[in-house]
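> Requesting a structural model of the entry that follows:
(chains A and B)
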Amino acid sequence: MKQLLIAIKVTVVMILLTGVAYPLLVTGLAKVFFRHQAEGSLILAHGKIVGSELIGQRFTRPEYFHGRPSAAGKDGYDGLASGGSNLGPTNQALVDRVQADVKKFHEENPAYTGPLPADLVTASGSGLDPHISPASAEAQVARVAAARGVSVEAVRQLVAAQTEGRQFGVLGEPRVNVLKLNLALDQTAPVKK
Amino acid sequence: MTANGILQIALYFVVLVALTRPLGAYMAKVFAGERTWMHRLLRPLEAGVYKVCGIDEAGEQHWTSYAGALLVFSALSLLFTYLLMRIQQWLPMNPQGLGNVGEHLAFNTAASFTTNTNWQSYTPETTMSYLSQMIGLATHNFWSAAAGICVAIAFVRGFARHSMKTLGSFWVDFTRCTVYILLPLAVVGALLLVSQGAIQNFQPYTTAATVEGTAQTIPQGPLASQEAIKMIGTNGGGFTNANSAHPYENPTPFSNFLQMLYIFIIPAGLTYTFGKMVKDTRQGWALFAAMSVLFFAGVAVTYHFEQAGNPNLAKLGIESAATAGQSGGNMEGKEVRYGIANSALFTVITTDASCGAVNNVHDSLTPLGGLVPMINIELGEVVFGGVGSGLYGMLLFAVLAVFIAGLMVGRTPEYLGKKIEQKEVKMVMLAVLVLAFTILGFAGAGANLGTVGSSLGNHGPHGFSEILYAYSSATGNNGSAFAGFNANTPYLDTTMGLAMLFGRFLMLIPLLAAAGSLAQKKLVPVSAGTFPTHGPLFVVLLVGVVVIVGALTFFPALSLGPVVEHFLMHAGRLWS
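Residues are numbered from 1 along each chain as shown, chains lettered A, B, ... in the order given. You can find the predicted model right below:
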């Protein structure tokens, strides 16, 4: 009985300590030191939120670099339906989907003839992957340049400027943030109306 | 495998080894009630908890009261979380206006978080209010972790003490663990994660007007505080559906490195704590060495097969080798920022431990890449393992190893100066058998039930793997999934909830019983006939026992799933 009484008290005290005090402390400190990140690394353009630098969004037009296929929601990149395809390696649906994406890619990018980077035709784990590999960006450079009426070299330079290397030179993989690259493109080489 | 990939794995291990001793020594002091450098700051908090709750700091408990306290607390906290989810609609901090959680799902989730499993049958973004996440779920990340560590400490006391009837006080151990170990690590970890981009706020979800002119809803919430303890406590339950693959949970390669480190630091540190407590740190390093062997074996296999990729996709003109501009391999379900090396490493770590957080989709792993996480869980998650559970799991195998060595030479086995007799071996075998019976029993039944068959997301041998993985994960209190499998049905929510409770509490009780019996024994002086348990010979024996017990138990089931799928994948067989 004494144990039960202690257990009840410990439960209440621990709810307050780990469930209330701890998250509030972290929220307060985060707000002071890392406000931008704590609020979602949102990107503003003309006073409106266009997205988050960490959350990928869907691009379909030829003048923009396209992200990876996304299994988040019906059309992909649904912020409320994060997740991967969960298709196993021997699932017919996986092979069919990749085959269709490969075909679509070659139709949209007739100039590119090399093997396709694996990340460009596979769905990410989050469905919100903000990045593509530098090779996947390179594969789309010719299309984007043509759609914007600028030189391939100019677009390539912009991609290089937006390419992040490994963190501290060691961790992770080199990558290009698709949203940031496309925003930079709109700034430096706007589409002629 | 790439040179950089191998370098990153090596760097990870070096940092882990470097942290093991300082953290292990600190934890030994905390549980002995000695003063540490954190006391100036945290002692008032610790003393306050004792005072408010009426806990006797000098109190000691017999193993039955220790286990009883743990069970009562677990039951109460399970009930609290269950009730909270059932009424969240009417409570504050629910800006999205999410409804109450249904009874089967609420039971499954409460059992899941109480047992340190953190299997998630639900999509958090559209199911759980901020209040439920914060005080219903994140709290269990602390408590289930602390409870696991307490059991490990009590079990080690069984060896460290002699001629004593008690194992310490659960309430004191629990309080010290939470106050001195988990909370400080969590605060630092959460802030480091926020610095990388993890969110921490109470705002409603954001609506963005995207570049191409559509609307995108971006979730918000108190994520980082839950994320840090999710890793440190080897819990693994994500704030979002995509778990640690989600860019808000795990934004950068550095956050990924931190998360992987957080999974292993307490389990690794505890091997040193154990050595300190039994007054021979070589004993701790021997366990560490055995764990490292199994760790590297797992990493090598998963990394190799994930980098080799899927031959059915390579045929379509896709680069499967790594080049300077892309990582190649099986990228389905993986994030560009982690690539193959960090995804494979994370997969192995999260299943070596009972964490179950994922930074890539396990269901989309290659057959043999996915075999490794399954084996890791089925071996009992003893490769560093869950916080506490990894250490007591490995000690259980150590007892078996000395028992087998004793049988070979016909001498009563000893471990750490204690005679291992009938009662201990019985209790240890009971714990081993609970795991096997629960996993294979439920998975076997599931494979023959139509209701489970309709939950499958993939077919052929991969479908069987989904069922086997689900019950392995639940029983092993891991929580990762072959997530194409829809476990949110009344049958699966209920049976998997039960598997979690069996896997947790039917292991803990025999272990504490064995600890109680060990603590009462006298010390046997070391003699020429004593088998030394700190050298390479013991490490080899221990690894052998873990592998053989696991292989004999699970090989038949595994060969029907991932092994056969591997060969059929290379033969080009596909299932629709």
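> Okay, buried residues for the strand or helix carrying residue B:83 please.
Using DSSP states H and E, the secondary-structure element containing residue B:83 is helix B:63-86. Residues of helix B:63-86 classed as buried: B:63, B:65-74, B:76-78, B:80-82, B:84-86 (neighbour count, 16 or more other Cβ atoms under 10 Å in any protein chain shown). Heads up, the C-betas are built off the backbone N, CA and C, glycines and all.
> Check which helices and strands the next helix or strand after it is in contact with.
Counting by DSSP H and E, the next helix or strand C-terminal to helix B:63-86 is helix B:103-114. Using 3 or more Cβ pairs under 8 Å, 6 or more residues apart in numbering or on different chains; DSSP states H and E as the contact criterion, the neighbours of helix B:103-114 among helices and strands are helix B:63-86, helix B:139-160, helix B:490-520.
> list the buried ones in helix B:103-114?
Result for helix B:103-114 [16+ other Cβ under 10 Å]: buried residues B:104, B:105, B:106, B:107, B:108, B:109, B:110, B:111, B:112, B:113, B:114.
> Please apply the same query to stretch A:61-70.
Using 16+ other Cβ under 10 Å as the burial criterion, the residues of stretch A:61-70 that qualify are A:63, A:64, A:65, A:66, A:67, A:68, A:69, A:70.
> Those residues into JSON lines, with extra columns for secondary structure?
As requested, the buried residues of stretch A:61-70 are arranged in JSON lines below (DSSP: H, G, I helix; E, B strand; the rest coil):
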{"residue": "A:63", "secondary structure": "coil"}
{"residue": "A:64", "secondary structure": "coil"}
{"residue": "A:65", "secondary structure": "coil"}
{"residue": "A:66", "secondary structure": "coil"}
{"residue": "A:67", "secondary structure": "coil"}
{"residue": "A:68", "secondary structure": "coil"}
{"residue": "A:69", "secondary structure": "coil"}
{"residue": "A:70", "secondary structure": "coil"}
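> from these, which are also near chain B?
The subset of the buried residues of stretch A:61-70 within reach of chain B, by Cβ under 8 Å from any Cβ of the partner chain, is A:64, A:68.
> Which residue ranges of the stretch 151-300 of chain B form helices?
Secondary structure of the stretch 151-300 of chain B (DSSP state H, counting those that start in this stretch): helices located at B:170-176, B:183-196, B:223-232, B:253-277, B:281-308.
> and of those helices, who's closest to chain A?
Counting by Cβ to the nearest Cβ, chain A lies closest to helix B:253-277 out of those; the figure is 2.5 Å.
> quick revisit: among the helices of the stretch 151-300 of chain B, which is nearest residue B:453?
Minimum separation from residue B:453 across these (Cβ to Cβ) falls at helix B:281-308, 27.4 Å.
> So which bits of that closest one are buried?
Neighbour count says helix B:281-308 has B:281, B:283-295, B:297-308 buried, by 16+ other Cβ under 10 Å.
> Out of the helices and strands in chain B, which is least certain?
For chain B, counting by mean pLDDT, DSSP states H and E, helix B:450-453 ranks last in confidence among helices and strands (a mean of 88).
> elements contacting that helix?
With contacts defined as 3+ Cβ pairs under 8 Å, 6+ apart, the secondary structure elements packing on helix B:450-453 are helix B:490-520.
> average pLDDT across the helix it packs on?
Computed over helix B:490-520, the mean pLDDT rounds to 93.
> now check it, is it near chain A?
No. Figure legend: helix B:490-520 not in contact with chain A (Cβ under 8 Å from any Cβ); closest approach 15.0 Å.
> mind listing what's buried in that helix?
Buried residues in helix B:490-520, counted by 16+ other Cβ under 10 Å: B:492-493, B:495-520.
> Likewise for stretch A:160-171?
Within stretch A:160-171, the residues that qualify as buried are A:162, A:163, A:164, A:166, A:167, A:171, counting by 16+ other Cβ under 10 Å.
> Reformat those into CSV and put secondary structure and distance to residue B:39 next to each item.
Putting those into CSV (DSSP: H, G, I helix; E, B strand; the rest coil; distance: Cβ to Cβ, whole Å) gives the following:
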residue, secondary structure, distance to residue B:39
A:162, helix, 49
A:163, strand, 48
A:164, strand, 43
A:166, coil, 40
A:167, strand, 36
A:171, strand, 35
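> of those, list those near chain B.
Taking Cβ under 8 Å from any Cβ as the test, chain B is in contact with A:166, A:167, A:171 out of the buried residues of stretch A:160-171.
> burial count for the closest residue to the second one other than its chain neighbours?
The spatial neighbour of residue A:167 that comes closest, neighbours along the chain excluded (Cβ to Cβ, 6 or more residues apart in numbering or on different chains), is residue B:253 at 4.4 Å. Residue crowding around residue B:253 was assessed by other Cβ atoms under 10 Å in any protein chain shown; the count is 24.
> what does residue B:361 give?
The number of residues packed near residue B:361 is 32, by other Cβ under 10 Å.
> and what of residue A:56?
Counted by other Cβ under 10 Å, the residues lying close to residue A:56 total 30.
> Please report the distance of the residue of chain B most remote from its centre from residue B:323.
Residue distances from the centre of chain B (Cα atoms, centre = their mean) peak at residue B:213, which lies 42.4 Å from the mean C-alpha position. For residue B:213, the distance to residue B:323 (Cβ to Cβ, to the nearest Å) stands at 35 Å.
> ok, now residue B:434?
Here residue B:434 is placed at a distance of 48 Å from residue B:323 (Cβ to Cβ).
> what about these two, which has more around it?
Under the criterion of other Cβ under 10 Å, the comparison of residue B:434 against residue B:323 puts residue B:434 first, with 19 against 14.
> before we move on, which element is the more buried one in?
Assignment of secondary structure by DSSP H and E places residue B:434 within helix B:422-447.
> Report the central residue of chain B.
Against the mean C-alpha coordinate of chain B, by Cα atoms, centre = their mean, the closest residue is residue B:354 at 1.3 Å.
> right, I mislabeled it, should have said chain A
With distances taken as Cα atoms, centre = their mean, residue A:130 lies nearest the centre of chain A, 1.2 Å away.
> Do I have it right that it meets residue A:178?
Yes. Look at residue A:130 against residue A:178 with Cβ atoms under 8 Å: they come within range, at 6.3 Å.
> what's residue 119 in contact with, if anything?
You didn't pick a chain, so chain A it is. Contacts for residue A:119 (Cβ atoms under 8 Å, 6 or more residues apart in numbering or on different chains) come out as A:68, A:132, A:133, A:136, B:326, B:327, B:331, B:336.
> switch to chain B, that's the one I care about
B:108, B:112, B:237, B:356, B:473, B:474, B:478, B:479, B:481, B:487, B:496, B:500.
> Now the two most distant members of the contacts of residue A:119.
Taking Cβ to Cβ, the two most distant members of the contacts of residue A:119 are A:68 and B:327; they sit 12.7 Å apart.
> Find residues that contact each of these two.
Common neighbours of residue A:68 and residue B:327 (criterion: Cβ under 8 Å, 6+ apart): A:119, B:336.
> on contacts alone, who are the packing partners of the longest helix belonging to chain A?
Of all the elements of type helix in chain A, the one with the most residues (DSSP state H) is helix A:92-108. If you count contacts as 3+ Cβ pairs under 8 Å, 6+ apart, helix A:92-108 packs onto helix B:311-314.
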